[in-house]
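# fold the following, please.
(one chain, ligands or ions: 3)
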Amino acid sequence: MMVDGCGRFASVPQSYLDASLSIDGMLSHWKYFGVTKMDRRKFLLASAATLVVGRAHGQMNHGAMDQSMPDMKGMMGGNKGKPISLPEGAPLREPAKLINTSSEPGKFVAKIIAAPAKVQLAKGLETPILAYNGQTPGPLIELTEGDHVEISFANRIPKQDSTIHWHGLVIPSNQDGGPREPVKSGSERVYAFDIAANSAGSFWYHPHPHGKAAEQVYRGLAGALIVKSKLDPIPPEFGDTVLFMSDLRLAADGTLPPSTMIDIMNGRVGDHILVNGQKNPLLTLPSGTSRRFRLYNATSARFLRMTFGNLPVTIVGTDGGLLEAPVNGGRDIMLAPAERLEIIVTFPTTGIVKLTTLAYDHGWMGPGWPRDEGITLLSVNVTADKAYPATPLPTKLRNIAELGAPALTRRFSLSETMGMDANGMTMGFLINGKSFDMQRVDEVSQVGQVELWEINNPTDMDHPFHIHGTQFQVTETERAGVITKMPFRALKDTVNIKRGETVRLLTRQDLPGVRMYHCHILEHEDLGMMGQIDVKA
Ligand code: C2O
Ligand code: CU
Ligand code: CU
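Ligands and ions are numbered 1, 2, ... in the order given. Okay, here's the model as predicted:
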């Protein structure tokens with residue numbers, strides 16, 4: 001493994017180096033061009049050059065190189081050709097709920113099995129996936145503030161460790177399902193934790209095994225988790241509709257293709273964005289309805305900038321639950337990977353309203369930037385069935401306690417690096433110049449200590465930054481010396497650090513133990529953009 005002044009490089013996990021993709025051919029090309037270690041821009045130029053030379057002139061007299069050309073194309077460019085189409089327009093499914101087998105009030109007991117399954121996504125094609133209790137997305141876990149939870153987890157994924165990480169919940173570190181607590185293939189464990197008072201919000205769960213999180217998520221493992229409030233201020237007439245967005249790429253034979261180099265660098269972006277496992281489902285609502293939606297970005301690497309067309313969106317909640325008061329979100333909302341939003345939308349007139357994507361440039365390495373513009377995620381059929389009584393939204397939703405003055409400031413800087421060594425290509429996504437090492441504690445903190453975290457992203461790609469075990473408050477962002485203050489308090493566990501930007505946030509860990517913080521583009525997390533903070537009791 002190559003080590004240099006700016007830290008260690010992470011080797012590309014073997015799962016990415018699928019046998020059908022000729023890495024050797026690719027590497028000999030780079031070596032031919034005298035490329036041994038380079039920054040990202042040079043890397044892109046070099047790889048583009050090899051493709052052009054190889055195809056246009058075919059003058060390489062090295063047989064292996066010529067043979068590797070089609071493979072390299074596939075590897076660099078991702079999934080080319082026409083994507084397999086999926087059926088659209090079926091009624092929006094409400095996600096099936098995880099069944100509570102306890103009859104004791106305040107207790108939630110259930111079982112989750114992660115195992116291979118086969119589903120039909122495209123007509124006439126069988127797709128082998130990984131499923132939680134046979135389904136993707138996994139069952140909706142609906143908990144209530146104050147619940148005691150015991151969920152037993154069986155890992156039946158052949159030959160791979162797994163975990164269930166309860167993204168966003170503030171629970172003991174040894175129940176958090178991070179990479180330090182792997183559940184071996186064929187074994188089981190129980191996750192037991194209490195849901196704190198006043199912690200209602202839209203959370204989710206997904207695998208977090210060392211180096212395999214991205215792969216297990218794109219193969220189908222992720223689900224929504226809601227903590228309901230005992231005193232929910234949002235009127236029940238607004239409903240509560242989960243829109244859990246995931247990403248899917250299908251090969252021509254219906255299988256999920258392995259990730260390409262482009263996927264590893266940018267995070268895997270599929271051919272379809274699914275909502276509750278469906279492509280462009282249809283929700284029917286009477287005109288005049290105001291609806292509460294919980295939007296989840298459960299994709300590995302899509303930056304979902306979305307609009308309901310002309311309809312204004314009212315934001316009532318973020319990752320960690322409700323805001324203090326509703327906020328006018330305009331006509332344009334944004335969810336980076338792993339973020340959530342609770343919104344209210346009023347549908348005043350009959351007709352079809354579409355939730356569609358807008359372009360957002362988050363920085364892209366190499367060819368194939370998916371502009372992600374104009375994709376319909378959901379259609380709402382607004383009917384004239386009945387006049388709906390207009391219930392007003394309360395002006396006050398709850399209090400979010402101020403965190404107060406920080407005891408210290410921690411600074412984090414994100415970087416990307418690439419190189420090659422005798423064993424092949426290496427690629428690193430780093431925090432403070434370091435690649436993740438389970439044996440290394442990067443930061444030491446104290447229970448209850450308020451800290452200012454300053455995360456700087458000088459790279460030319462956005463990185464959504466996530467901290468385990470806490471709900472933090474972003475205070476400001478800075479770009480080119482210009483500071484923008486957060487106009488309201490909100491609880492977050494993931495915040496997009498835009499390229500060229502610095503984000504400052506206040507955070508406090510209330511429970512002891514080692515916690516992860518990382519980029520939530522899961523490929524980047526797997527490739528090292530993760531650190532550990534040890535919170536001392
Ligand atoms: Cu949702 Cu450490 O992750
Ligand atoms: Cu998490
Ligand atoms: Cu990243």
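# how many neighbours does residue 506 have?
Residue 506 has 18 neighbouring residues, counting by other Cβ atoms under 10 Å. (Glycine included, C-beta is placed from N, CA and C.)
# chain neighbours aside, what residue packs nearest to it?
Leaving aside its sequence neighbours, residue 506 sits nearest to residue 403 (Cβ to Cβ, 6 or more residues apart in numbering; 4.3 Å).
# what about the helices in the stretch 101-250 of the chain?
Taking DSSP state H, counting those that start in this stretch as the criterion, the stretch 101-250 of the chain carries its helices at 213-218.
# and it, which residues reach ligand 2?
residue 167 (Cβ under 5 Å from the ion).
# for ligand 1, what's the nearest residue on the stretch 101-250 of the chain?
residue 167 (3.6 Å; Cβ to the nearest ligand atom).
# bridge partners for that residue, pull those for me.
residue 204 (DSSP bridges).
# neighbours of it, how many?
Residue 167: 24 surrounding residues under other Cβ under 10 Å.
# isn't it right up against residue 204?
Yes - in terms of Cβ atoms under 8 Å, residue 167 counts as a neighbour of residue 204; the distance is 4.9 Å.
# any common contacting residues for the two?
Common contacts of residue 167 and residue 204 (Cβ atoms under 8 Å, 6 or more residues apart in numbering): 225, 338.
# so where is this structure shaky, pLDDT-wise?
The chain contains residues with pLDDT under 70 at 1-81, 387-389, 421, 423-426.
# quick check: the residue in it that ligand 2 sits nearest to vs residue 224, distance?
Closest to ligand 2 within the chain is residue 167: 4.0 Å, counting by Cβ to the ion. The gap separating residue 167 from residue 224 is 10 Å, by Cβ to Cβ, to the nearest Å.
# and what of residue 395?
28 Å.
# between these two, point out the one with more neighbours.
residue 224 (23 against 8).
# let me see the contact set for that one.
95, 137, 140, 141, 202, 203, 204, 242, 244, 294, 296, 298.
# doesn't residue 316 make contact with the fifth one?
In this case it means residue 202. No - shown here, residue 202 and residue 316 do not form a contact pair, counting by Cβ under 8 Å, at 10.9 Å.
# any shared contact partners between those two?
Residues touching both residue 202 and residue 316 (Cβ under 8 Å, 6+ apart) are residue 342.
# A strand includes residue 315, no?
Yes - Residue 315: assigned to a strand according to DSSP: H, G, I helix; E, B strand; the rest coil.
# bridge partners for it, pull those for me.
In beta-bridge terms (that is, DSSP bridges), residue 315 pairs with residue 327, residue 343.
# residues near it, how many?
Residue 315: 19 neighbours (other Cβ under 10 Å).
# kindly provide the distance from residue 297 to residue 336.
Going from residue 297 to residue 336 by Cβ to Cβ gives 7 Å.
# mind listing the shared neighbours of these two?
Counting by Cβ under 8 Å, 6+ apart, the shared contacts of residue 297 and residue 336 are residue 304.
# would you mind naming what in the stretch 351-500 of the chain lies close to ligand 1?
466, 468 (Cβ under 6 Å from any ligand atom).
# show me where the stretch 351-500 of the chain has strands.
Using DSSP state E, counting those that start in this stretch, the strands found in the stretch 351-500 of the chain span residues 351-358, 376-383, 408-421, 424-431, 443-446, 451-457, 463-467, 473-479, 482-485, 494-497.
# for residue 530, which non-adjacent residue is closest in space?
Spatially, and ignoring its direct neighbours in sequence, residue 530 is nearest to residue 518 (3.5 Å; Cβ to Cβ, 6+ apart).
# err, residue 147, not the other one
Leaving aside its sequence neighbours, residue 147 sits nearest to residue 195 (Cβ to Cβ, 6+ apart; 4.6 Å).
# so the one you found sits against residue 168, correct?
No - between residue 195 and residue 168 there is no contact under Cβ under 8 Å: 11.7 Å.
# nearest to ligand 3, out of the strands of the stretch 351-500 of the chain?
Nearest of those (Cβ to the ion): strand 463-467, 3.4 Å.
# pull up the pairing partners for that closest one, direction included.
Strand pairing for strand 463-467, determined by DSSP bridges: strand 494-497 (antiparallel), strand 513-519 (antiparallel).
# on that earlier part again, residue 195 and residue 168: which is more packed in?
Neighbour comparison, residue 195 and residue 168: the larger count goes to residue 168, with 29 against 21 (by other Cβ under 10 Å).
# next up, the contacts around the closest residue to the more buried one other than its chain neighbours.
Leaving aside its chain neighbours, residue 168 sits nearest to residue 203 (4.0 Å; criterion: Cβ to Cβ, 6+ apart). Taking Cβ under 8 Å, 6+ apart, we find residue 203 in contact with 166, 167, 168, 169, 224, 225, 226, 227, 319, 340.
# wait, the fourth one touches residue 194, no?
In other words, residue 169. No - using Cβ under 8 Å, residue 169 is not in contact with residue 194; the gap is 10.1 Å.
# so for the two, which residue has more residues nearby?
residue 169 (26 against 15).
# so what's that one closest to, chain neighbours aside?
In space, and not counting its chain neighbours, residue 169 is closest to residue 203: 5.5 Å by Cβ to Cβ, 6+ apart.
# so how far is residue 344 from residue 322?
To residue 344, residue 322 is 11 Å away according to Cβ to Cβ.
# ok, residue 489 next?
19 Å.
# between those two, which one's more packed in?
Higher neighbour count among residue 489 and residue 344: residue 344, with 21 against 18, using other Cβ under 10 Å.
# ok, now which ones touch the residue nearest to residue 506?
Contacts for residue 403 (Cβ under 8 Å, 6+ apart) come out as 450, 473, 506, 507, 508.
# switch the cut-off to 10 Å
Each residue near residue 403 by Cβ atoms under 10 Å, 6 or more residues apart in numbering is listed here: 450, 451, 452, 472, 473, 475, 489, 505, 506, 507, 508.
# save those as CSV, and put in distance to residue 436 too.
Compiled in CSV, the contacts of residue 403 are given as follows (distance: Cβ to Cβ, whole Å):
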residue, distance to residue 436
450, 26
451, 21
452, 23
472, 20
473, 26
475, 27
489, 31
505, 21
506, 25
507, 20
508, 23
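# most widely separated two among those?
451 and 489 (16.8 Å; Cβ to Cβ).
# now do the host helix or strand of residue 502 against strand 513-519, angle only.
Here residue 502 is covered by strand 501-507, with elements defined by DSSP states H and E. Orientation of strand 501-507 against strand 513-519 (axes from the mean of the first three to the mean of the last three Cα atoms, to 10 degrees) gives an angle of 160 degrees.
# what is strand 501-507 packed up against?
strand 408-421, strand 451-457, strand 463-467, strand 473-479, strand 482-485, strand 494-497 (3 or more Cβ pairs under 10 Å, 6 or more residues apart in numbering; DSSP states H and E).
# now the last one: how far from the chain's centre is it?
Here the centre of strand 494-497 is set off from its chain's centre by 11 Å, with Cα atoms, centre = their mean, to the nearest Å.
# does any part of that strand sit near ligand 3?
No - counting by Cβ under 5 Å from the ion, ligand 3 is not contacted by strand 494-497; separation bottoms out at 8.6 Å.
# buried ones in that strand?
For strand 494-497, burial by neighbour count (16 or more other Cβ atoms under 10 Å) applies to 494, 495, 496, 497.
# what does the first one give?
Along strand 408-421, these residues count as buried under the neighbour rule (16+ other Cβ under 10 Å): 410, 412, 414, 415, 416, 417, 418, 419, 420.
# could you do stretch 273-291 as well?
Under 16+ other Cβ under 10 Å, the buried positions of stretch 273-291 are 273-281, 283, 285, 287-291.
# many thanks, I have nothing further to ask.
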